[in-house]
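K.L.:
Mind folding the following:
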Amino acid sequence: MILRARQLEYRFPQPALVMGVLNVTPDSFSDGGMYADTDKAVARGLAMYEEGADWLDVGGESTRPDATPISVEEELRRVLPVVEQLSRRTKAILSIDTMKPKVARAAIKAGASVINDVAAALSGRAMWDVVAETGAAYVIMHMQGSPVTMQRAPHYDNAVNEIGSFFEERISELQRHGVAKEQTILDVGIGFGKTLDHNLQLLGHLGRYQAFGRPLMLGVSRKGFIGKLLGTELNDRLPAALACTVWARLQGVQICRTHDVTATVHALRMVEALQEEAAHVV
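P.N.:
Sure, this is the predicted structure:
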């Protein structure tokens, strides 16, 4: 399986790629305000790269439930200096976490090679044009509703099957629009228009999505479903997030998105070493 992202090419299977979350926002649910300053954001990105992040995901607009949308101009002001500096100072894969085609295009020009679109269920020709014209990789993430509405009353007859159908439809639509299948990545969108039960169903059946032959990405870091299940506060969710990440790796997930890079790298390299050993005939 091949992933192409502009001039980059990745062949799977390989050790899981670790994506460090870099929120250049004042209001994200986990670290809002900590890296809103450009210098602090760049320093955090460099630190995650040194901790072992293969990939840095730069976002300038919060997508937490009930988040207030911002203008294109404000989002560009937040993210472009960070993308530009990190593209010069690291060899990390850089992605832009945005729902706006203009921001995606500008970030690609500044040095990003992947568009992480949480609104892939809503996006249309304008975003697909950017992907097709730039050759960027594109994360097809499922979200029911929008960040403002997604957690008000999410409903599925069968979440696992419906999201599978969504992936199939989006891959076909993108191909008809000139986006190669090799540019696509799939993300079930844990916490984006899902209840606790929906999230658990999706995590329990991640292996089903390997049938698409595309890299699977997963982000569970510090998310609310962990707190609902275990009664833990934001800063106490790392052990459960690592359990989900290890489980996801065993189900075939190749890209793991996290705020906690060192712990995630260690957990993944350990489980991969055990998988390799288990494959040997004794």
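K.L.:
Okay, helices next: where are they in the stretch 51-200 of the chain?
P.N.:
72-89, 101-110, 125-134, 159-176, 196-204 (DSSP state H, counting those that start in this stretch).
K.L.:
Can you lay out those helices as a markdown table showing mean neighbour count and distance to Thr63?
P.N.:
From N, CA and C alone the C-beta is placed, and that goes for glycine too. Shown next, in a markdown table, are the helices of the stretch 51-200 of the chain (neighbours: other Cβ atoms under 10 Å; distance: least, Cβ to Cβ, whole Å):
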| stretch | mean neighbour count | distance to Thr63 |
| --- | --- | --- |
| helix 72-89 | 19 | 12 |
| helix 101-110 | 22 | 13 |
| helix 125-134 | 18 | 15 |
| helix 159-176 | 16 | 18 |
| helix 196-204 | 18 | 16 |
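K.L.:
surely Tyr57 meets Ala92?
P.N.:
Quick fix: residue 57 is Asp, not Tyr. No. Applying Cβ atoms under 8 Å, one finds Asp57 not in contact with Ala92, separated by 9.9 Å.
K.L.:
In terms of packing, which of these two has more residues around it?
P.N.:
Higher neighbour count among Asp57 and Ala92: Asp57, with 27 against 19, using other Cβ atoms under 10 Å.
K.L.:
Bridged to the residue lying closest to that one once chain neighbours are set aside, which residues?
P.N.:
In this structure, Asp57 finds its nearest non-sequential neighbour in Ser95, 4.7 Å apart by Cβ to Cβ, 6 or more residues apart in numbering. On the basis of DSSP bridges, Ser95 is bridged to Asp57, Val114.
K.L.:
List the contacts of Ser95.
P.N.:
19, 55-58, 112-116, 137, 139 (Cβ atoms under 8 Å, 6 or more residues apart in numbering).
K.L.:
Indicate which one of the helices of the stretch 51-200 of the chain is closest to Met1.
P.N.:
Nearest to Met1, of all these, is helix 159-176, at 13.5 Å by Cβ to Cβ.
K.L.:
May I see the helices of the stretch 51-200 of the chain organised as CSV, with mean pLDDT and distance to Gln14 added?
P.N.:
CSV is the format used below for the helices of the stretch 51-200 of the chain (pLDDT from 0 to 100; distance: least, Cβ to Cβ, whole Å):
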stretch, mean pLDDT, distance to Gln14
helix 72-89, 95, 22
helix 101-110, 96, 24
helix 125-134, 94, 23
helix 159-176, 95, 22
helix 196-204, 96, 22
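K.L.:
Can I get these in CSV including distance to Asn235?
P.N.:
Listed next are these as CSV, based on distance: least, Cβ to Cβ, whole Å:
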stretch, distance to Asn235
helix 72-89, 24
helix 101-110, 30
helix 125-134, 34
helix 159-176, 28
helix 196-204, 20
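K.L.:
out of those, nearest to Leu218?
P.N.:
Closest among those, once you apply Cβ to Cβ, is helix 196-204, at 8.2 Å.
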